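>>> take this sequence and fold it.
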Amino acid sequence: MEKNSLLYNTERDPITISEYGRNMQQMIRHLMQIEDRQKRTEAAQFIISVMAQMNPQVKDSGDYIHKLWDHLYIISDYQLDVDSPFEPPQPANQNTKPHHIEYQNNNIKYGHYGHYMAKMIELASTVEDEETRQALAYSMANQMKRNYLEWNGNVVNDQQIIEDLKVMSNGRLVLGEETKLNGTSEILSKPVLAQKGIATNGKKKKKKQSNLKADMNNPNNPNYKKRKQQ
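Presented below is the predicted three-dimensional model:
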């Protein structure tokens, strides 16, 4: 018995693309040994059709034929020489590492309100009309309270929200100490009530019920038995 038949996979060449398996890799290695270029190209086209059947998920993309030819070249270690309908990939392009995405560091002092809230407060602070700016300040304060409760899940004092708004707006958005924001229970309960099918005004939504008496085919209808006897 030949030793090659007893080789463990750990002793064999590593599989370049695992989706196609070792047998496909050996077929491609054999393909490279065909001397006639036309026959080698025909064999490559046949292998592409087999690869499409072995890896059907690649068909989800519009350019899946191009990807299959790229995989064929990659498995051949970029040494395959055939008449391909596409430009062969270059090894340098495959080994290029993606650019590192830096974590955003916006240096927000009040991170629990969020970056967009800070931007909105900055924009609202530039409004010149006093009445409009006050209306925006009240709206911003209520949204800040909502963000705080979603982040902390606890009770927050309105004066803290008002003070934070003043600081974040550099004194441009100022609400009086007597200002009352939306209640904590109101802010936290609305989504829950909506999920349970209860209107936000405290009234339960009416469930649509079928009229049993109008349904003559319903056994619960008093007239059902009379109609059946007739």
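>>> what's the nearest residue to D77 if we skip its chain neighbours?
With sequence-adjacent residues excluded and distances taken as C-beta to C-beta, 6 or more residues apart in numbering, D77 is closest to T16, at 7.5 Å. Every C-beta, even on glycine, is put in place using the N, C-alpha and C of the backbone.
>>> for A52, same thing?
Nearest residue to A52, sequence neighbours excluded (C-beta to C-beta, 6+ apart): L68, at 6.0 Å.
>>> so who does the one you found touch?
By C-beta atoms under 8 Å, 6 or more residues apart in numbering, the contact set of L68 is I48, M51, A52, N55, V58.
>>> hmm, I162 and T179 touching each other?
Yes. Under the criterion of C-beta atoms under 8 Å, T179 lies in contact with I162, with a separation of 6.3 Å.
>>> longest helix of the chain?
What stands out as the longest helix in the chain, according to DSSP state H, is helix 130-152.
>>> show me what the following helix or strand past that helix is packed against.
Stepping forward along the backbone from helix 130-152, the first helix or strand reached (DSSP states H and E) is helix 158-168. The contact analysis (3 or more C-beta pairs under 8 Å, 6 or more residues apart in numbering; DSSP states H and E) places helix 158-168 against helix 115-124, helix 130-152.
>>> how about low-confidence regions in this protein?
When the per-residue scores of the chain are filtered using pLDDT under 70, the ranges that remain are 1-10, 60-61, 93-96, 103-108, 189-230.
>>> all the helices of it, residue numbers only.
Assignment of helices within the chain using DSSP H yields the ranges 21-31, 37-54, 64-75, 91-95, 115-124, 130-152, 158-168, 184-195, 222-229.
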